[in-house]
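Chemist: sequence? don't have it. structure:
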Ligand code: HAM
C-alpha cells in the first residue's frame with residue numbers, strides 16, 4: 001500500500017466537528033462590517049510580487065522572509081498574498097472605487113500565506129476577515145473600524161480575555177524627527193547583534209520586542225505619542241474620544257508597532273491573554289500615503305485584519321460554547337423498506353420548511369440508526385415503522401429527554417417547528 005499524503009507543513013485541514021466553530025467565528029467576525037454597510041470584495045489569491053514589495057515594505061519580515069513567490073509559465077513573478085490590504089487596495093484603484101462615493105468601504109475574507117516557522121497559532125496558510133475603508137481622514141472612521149473588530153470579539157464571540165491596544169505612529173511630518181531621537185537613544189544601549197540590526201532597519205520595531213530583558217533596557221525610550229505633531233495629536237485624541245463614546249474599553253499602548261510598513265497615525269491590536277506567544281488575534285490601523293504609493297490619488301485609508309484561526313483558539317481557550325444555528329432538529333429513521341419513500345418525502349418537506357434534518361441510510365437496524373441519530377446532534381429522532389405507515393403517523397423521540405409521542409405525519413413539521 002502506498003503511504004498517505006499529509007497536508008503541507010504549517011497547514012491544517014478544517015474538518016468537522018472543528019469546522020463548525022471555524023465557520024461560526026468567521027461569520028461573527030464578518031457580521032459588524034456587514035451591519036456597517038461595507039460591501040464584500042474578493043480578489044485573487046496571488047498578485048504581482050512587486051505589489052507587496054511596494055505596498056507592504058521591503059524591510060518587513062513579511063516581504064523579506066515570508067513570501068511564497070514563484071514564476072509562472074509566462075515568466076511573471078507572482079506571490080501568494082501574505083496579507084490583504086495591498087491586493088484589496090489594488091483592486092479598489094483598478095476598479096476606480098476611489099472615484100465613486102467616498103469613503104469606499106469593503107470587507108473580505110480568505111486565506112493568506114506566510115512562510116513562517118509553524119507553531120500553535122502560527123501557520124503557513126491562515127484565514128483573515130478584513131476591512132478597508134478609503135477616502136476619508138475622519139477619526140470617526142478609525143473608531144468605526146476599531147469598534148467593528150472588538151465588537152465581534154467581545155460581544156458576538158463573548159471573549160473575556162481580549163485586550164484592545166491602541167497607539168498612534170504619527171505621520172510623515174512628525175515620525176522622522178521622533179525616529180532620529182529613538183535611534184540616538186538606541187545607540188546608547190548594549191543591544192545584541194540581531195536587535196542592533198533590527199534597529200538599523202526599523203528602529204520602531206525594537207520597541208515591540210517581547211523579551212523582558214530588552215523591555216527593561218527600553219524603559220526610558222522616547223515614545224511616539226509624546227512626539228506627535230499637533231494634527232496627529234488632535235486626530236489621536238479624537239479617535240480615543242469616539243472610542244469612549246462607543247463604550248469601547250482600550251489600553252493606550254505607546255510601544256505598539258505593527259509588522260507592516262504602511263501604518264501612520266492610528267494603529268491597534270487585539271491581543272488574547274490565553275494564547276501564549278501568538279497572542280495577536282487581529283490588528284490594523286490607518287495607512288494614509290499607501291494609496292499614493294500604489295499609484296492612486298492622495299487619500300487616507302484605514303482597515304483591519306482579524307485572524308480566524310487564532311480567534312478559534314481563543315474561543316477554545318476560554319471554553320466558550322457558541323449558540324449553534326446549524327444544529328439538526330430531526331433525524332428521520334425508516335424502519336423497513338416500505339417506509340423509505342415516506343421517510344425521504346418527509347425529509348424533503350422538513351428541509352424545505354427550513355428545519356435541519358438528516359436520514360438513516362443503508363437499512364440500518366433501529367439500534368444502529370439511533371446511534372447515528374445521537375451522533376448527528378439532532379434534537380429528535382423521527383421513526384417510521386410498519387405500524388406508523390399503516391396509520392400515517394410518525395414517532396417523535398426527544399433525544400435529550402427520551403420522551404416520545406406519536407403524531408400524524410402531516411403534523412410533524414408543525415410539531416418540530418415549535
Ligand atoms: P497582520 O497583523 O499581519 O495584519 O495580520 C492580521 C491577523 O492575521 C493577525 O492579527 C493574526 O491574527 C493573523 N495572522 C497573521 N499571520 C498569521 C499566521 N502566520 N498564522 C495565523 N494567523 C496569522 C495584516 O495582515 C493587515 N493587512 C491588517 C490590516 C488591514 N491593516 C489595515 N488593513
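Modeler: On my side now, so go ahead. Please read these numbers as outputs of a predicted model, since none were measured by experiment.
Chemist: what residues are up against residue 316?
Modeler: residue 21 (Cβ atoms under 8 Å, 6 or more residues apart in numbering). (Each C-beta comes from the backbone N, C-alpha and C, glycine too.)
Chemist: contact partners for the residue nearest to residue 236 when sequence neighbours are not counted?
Modeler: Excluding the flanking residues, the one nearest residue 236 by Cβ to Cβ, 6 or more residues apart in numbering is residue 168, at 4.1 Å. Contacts for residue 168 (Cβ under 8 Å, 6+ apart) come out as 224-225, 228, 232-233, 235-236, 239, 265-267.
Chemist: look up how far the ligand lies from residue 168.
Modeler: Distance check for residue 168 against the ligand: by Cβ to the nearest ligand atom, to the nearest Å, it reads 15 Å.
Chemist: how much space between that residue and residue 318?
Modeler: In this view, residue 168 and residue 318 are 30 Å apart by Cβ to Cβ, to the nearest Å.
Chemist: check what pLDDT the residue nearest to residue 236 gets.
Modeler: pLDDT for residue 168: 98.
Chemist: same thing with residue 345?
Modeler: 96.
Chemist: that one sits in which helix or strand?
Modeler: Element membership for residue 345 (DSSP states H and E) is helix 340-352.
Chemist: got the buried residues for that helix?
Modeler: 340, 342-343, 346-347, 350 (16 or more other Cβ atoms under 10 Å).
Chemist: need those in TSV (columns: distance to the ligand).
Modeler: Listed next are these as TSV, based on distance: Cβ to the nearest ligand atom, whole Å:
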residue	distance to the ligand
340	46
342	49
343	44
346	44
347	39
350	39
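Chemist: follow-up on the earlier one: who does the next helix or strand after the helix holding residue 345 pair up with?
Modeler: Downstream of helix 340-352, the first helix or strand assigned by DSSP H and E is strand 357-359. Sheet pairing of strand 357-359 (DSSP bridges) gives strand 330-334 (parallel).
Chemist: figure out how far the partner strand is from the centre of its chain.
Modeler: Strand 330-334 sits 36 Å away from the centroid of its parent chain (Cα atoms, centre = their mean, to the nearest Å).
Chemist: one more: stretch 244-261?
Modeler: Relative to its parent chain, stretch 244-261 has a centroid offset of 18 Å by Cα atoms, centre = their mean.
Chemist: buried residues, it. List them.
Modeler: So stretch 244-261, judged by 16+ other Cβ under 10 Å, has buried residues 248, 250, 253-261.
Chemist: what's the closest non-adjacent residue to residue 102?
Modeler: With sequence-adjacent residues excluded and distances taken as Cβ to Cβ, 6+ apart, residue 102 is closest to residue 135, at 3.1 Å.
Chemist: tell me how far the one you found lies from the ligand.
Modeler: 14 Å.
Chemist: ok, residue 28 next?
Modeler: Distance from residue 28 to the ligand, by Cβ to the nearest ligand atom: 14 Å.
Chemist: so that residue touches residue 158, yeah?
Modeler: No. Checked against Cβ atoms under 8 Å, the pair residue 28 and residue 158 is beyond contact range at 9.6 Å.
Chemist: of these two, which one has the most company?
Modeler: A side-by-side neighbour count of residue 28 and residue 158, using other Cβ atoms under 10 Å, places residue 28 first with 23 against 14.
Chemist: list the contacts for that one?
Modeler: Residues near residue 28 by Cβ under 8 Å, 6+ apart: 152, 156-157, 322.
Chemist: which one of those is nearest to the ligand?
Modeler: Comparing the contacts of residue 28 against the ligand with Cβ to the nearest ligand atom places residue 152 closest, at 12.8 Å.
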